[in-house]
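K.L.:
here you go, sequence then predicted model.
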Amino acid sequence: MDVEATVEEEKQKKPKKAKPKKEKRLVYFDYSLLVIILTLVGFGLVMLYSSSSYSGQEKYGDAAYYLKQQASKTAMGLGAMIVIIFIPYRFWEKVSLFFYIAAIGLCALVPFIGVEINYSKRWLRIAGVQFQPSEIAKVATIVFFAAVLCRIPKTLNSLKKTIFVFLMSVPVVGVVAYSNLSTGIIIAGVVFIMMFVVSPKYWHYFLVLAIMAVVMGIVIYLAAKGGAEGSYRFERVQVWLDPEAHEKGYQTLQGLYAIGSGGVFGKGLGESMQKLGFIPEAQNDMIFSIICEELGLFGAVCIILLFMLMLWRFMMIASNAPNLFGSLLVIGIMAHIALQVILNIAVVTNTIPNTGIILPFISYGGTSVIFLLAEMGIALSVSRIRLN
């Protein structure tokens with residue numbers, strides 16, 4: 001018997017050991033965006049305390065009341081962001097339809113069982129938890145339309161098909177705009193931008209935009225003439241055109257006084273005079289005017305540059321996303337942040353009529369900061385790239 005042949009047969013009979021699978025290693029994560037987010041959140045808490053300490057002391061006997069409320073919600077938002085970062089972003093594509101329908105359902109409940117605060121019914125209270133469904137609707141819309149548009153980008157090559165896809169946003173825009181027109185406009189704007197980016201043709205988008213603007217103007221004008229509920233929107237236009245001549249132009253004028261008195265470098269952190277009861281609810285929509293008063297033009301420019309850096313990082317993540325769905329998710333988030341920052345600053349500087357839009361990460365708002373940070377988690381999740 002050939003010994004060598006026998007040994008060779010025995011070797012062949014032995015099962016081969018399976019090679020251990022290599023774990024995917026993280027090769028990229030956008031730490032720059034993470035630093036920008038944390039900087040904005042930290043700055044927001046500082047400015048919130050500065051702008052709300054007087055109001056908190058007057059109303060609740062605690063100068064840090066608003067800070068404590070916002071800090072707790074911010075902690076929840078940061079926790080949600082961390083969890084979402086580690087969820088594969090393709091998961092959101094699977095649940096996009098359910099998320100969208102649920103958001104519409106919650107927003108539809110607001111006119112019936114909503115909680116009214118400062119003469120506006122925009123909140124729900126379920127099981128003792130109060131939240132603003134329109135903030136959920138923003139995220140749900142971004143996720144849903146990212147899932148839809150990544151499947152049908154080539155169908156947006158005609159005006160008819162473009163209008164058909166845009167009409168899919170009517171349910172959520174309608175139920176949100178009924179109680180909160182400004183948020184409805186932002187949601188419609190986000191959908192419009194996402195469609196514009198993915199479409200092979202552009203000219204019909206400008207036509208649709210022009211038609212929307214004309215229709216909105218006519219509706220507001222007719223509502224005002226007819227004495228309908230929407231007449232207050234026409235009144236806001238009148239205040240915008242001449243705040244000094246209108247009794248409701250007080251808040252706008254006080255905000256402009258704050259901006260003008262800040263000068264180049266401001267009066268100093270905590271030294272604002274307008275927050276001492278002159279600007280109502282200074283920690284909300286008008287917080288940018290307090291920033292200008294205390295930190296001056298220099299502080300205002302720094303904040304705007306920080307938001308511009310954030311938008312740039314979104315563009316980089318969207319450009320390098322592994323697929324169209326991931327790219328569209330980040331584009332939707334970028335559009336949301338950009339629109340909200342532009343509209344808030346435009347309102348504070350009286351460039352456009354008052355719309356009640358808060359400044360992201362800085363203005364007071366628990367539901368807002370939680371879902372903004374959740375959006376950041378989605379964007380950071382898309383930025384995570386793993387290779388074998």
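P.N.:
Nice, I can see it.
K.L.:
need the pLDDT of the residue nearest to F131 when sequence neighbours are not counted.
P.N.:
Sequence neighbours aside, T367 is the residue nearest to F131 in space, at 4.6 Å (criterion: CB to CB, 6 or more residues apart in numbering). The C-beta positions use only the backbone N, C-alpha and C, and glycine is treated the same way. Looking at T367, its pLDDT is 89.
K.L.:
next, the contact list for T367, please.
P.N.:
T367 sits next to K73, F131, Q132, E135, I136 when contact means CB atoms under 8 Å, 6 or more residues apart in numbering.
K.L.:
looking at this, it is in a helix?
P.N.:
Yes - according to DSSP: H, G, I helix; E, B strand; the rest coil, T367 belongs to a helix.
K.L.:
only whichever of the contacts of T367 are buried, select them in ChimeraX.
P.N.:
Buried residues among these (16 or more other CB atoms under 10 Å), as a ChimeraX selection:
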select :73,131,132,135,136
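K.L.:
look at Y178 and say how many residues are nearby.
P.N.:
Residue neighbour count, defined by other CB atoms under 10 Å, stands at 14 for Y178.
K.L.:
ok, A80 next?
P.N.:
Neighbour number of A80 under other CB under 10 Å is 17.
K.L.:
swap in C150?
P.N.:
17.
K.L.:
thought it was touching P322?
P.N.:
No - the pair C150 and P322 does not pass the contact test of CB atoms under 8 Å, sitting 11.8 Å apart.
K.L.:
quick one on the thing from earlier: in helices, which of the contacts of T367 appear?
P.N.:
Within the contacts of T367, residues falling in helices by DSSP state H are K73, E135, I136.
K.L.:
going by distance to T351, which of those residues wins?
P.N.:
The shortest approach to T351 among those belongs to E135, at 24.4 Å (CB to CB).
K.L.:
and the pLDDT at the closest one?
P.N.:
In this model, E135 carries a pLDDT of 93.
K.L.:
give me every residue that touches it.
P.N.:
T367, S368, I370, F371.
K.L.:
next up, phi/psi of the closest residue to G377 other than its chain neighbours, please.
P.N.:
Residue nearest to G377 in three dimensions, not counting chain neighbours: I84, with 3.0 Å by CB to CB, 6+ apart. In terms of degrees, to the nearest 10, the main-chain angles of I84 are phi -70, psi -30.
K.L.:
T349 now?
P.N.:
According to degrees, to the nearest 10, T349 has phi -90, psi 10.
K.L.:
check the contact between it and G260; I expect there is one.
P.N.:
No - T349 lies out of contact with G260 (CB under 8 Å); the separation is 10.6 Å.
K.L.:
these two - which one has more neighbours?
P.N.:
T349 (16 against 11).
K.L.:
now the more buried one: how far from S289?
P.N.:
9 Å (CB to CB, to the nearest Å).
K.L.:
what residues are shared contacts of those two?
P.N.:
Both T349 and S289 are in contact with L256, I259, where contact means CB under 8 Å, 6+ apart.
K.L.:
give the contact list for the residue lying closest to F278 once chain neighbours are set aside.
P.N.:
Excluding its sequence neighbours, the residue lying closest to F278 (CB to CB, 6+ apart) is Q254, at 4.8 Å. By CB under 8 Å, 6+ apart, Q254 lies in contact with Q274, F278, I279, S289.
K.L.:
tell me which element Q254 falls in.
P.N.:
helix 250-262 (DSSP states H and E).
K.L.:
how far off centre is the helix or strand just after that helix?
P.N.:
For helix 250-262, the following helix or strand on the C-terminal side (DSSP H and E) is helix 287-319. Relative to the mean C-alpha coordinate of its chain, helix 287-319 is positioned 15 Å out (CA atoms, centre = their mean, to the nearest Å).
K.L.:
and the angle for helix 287-319 with helix 250-262?
P.N.:
Calculated by axes from the mean of the first three to the mean of the last three CA atoms, to 10 degrees, helix 287-319 forms an angle of 80 degrees with helix 250-262.
K.L.:
which elements pack onto helix 287-319?
P.N.:
Applying 3 or more CB pairs under 8 Å, 6 or more residues apart in numbering; DSSP states H and E, one finds that helix 287-319 makes contact with helix 31-60, helix 250-262, helix 324-348, helix 366-383.
K.L.:
may I see the buried residues of that helix?
P.N.:
Neighbour counts over helix 287-319 (16+ other CB under 10 Å) mark 287-296, 299-300, 303, 307, 309-311, 313-314, 317-318 as buried.
K.L.:
check stretch 52-70 too.
P.N.:
S52, S53, Y54, S55, G56, Y65, Y66, L67, Q69, Q70.
K.L.:
what about N157, neighbour count?
P.N.:
Look at N157: counted by other CB under 10 Å, it has 12 neighbours.
K.L.:
name the SS class of it, please.
P.N.:
Of the three states, N157 takes coil under three-state DSSP.
K.L.:
shaky segments in the protein?
P.N.:
Across the chain, the ranges flagged by pLDDT under 70 are 1-27, 118-119, 215-216, 219-234, 386-388.
K.L.:
rewinding a little: okay, the helices and strands packed on helix 287-319 in CSV with distance to C107 next?
P.N.:
Output for these, formatted as CSV (distance: least, CB to CB, whole Å):
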stretch, distance to C107
helix 31-60, 26
helix 250-262, 27
helix 324-348, 16
helix 366-383, 13
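K.L.:
V190 is nearest to which of those?
P.N.:
Of all the helices and strands packed on helix 287-319, it is helix 324-348 that lies closest to V190, at 4.6 Å by CB to CB.
K.L.:
wait, isn't I290 in contact with S52?
P.N.:
No - using CB under 8 Å, I290 is not in contact with S52, being 9.4 Å away.
K.L.:
overlap in contacts, these two.
P.N.:
Counting by CB under 8 Å, 6+ apart, the contacts common to I290 and S52 are K275, A282.
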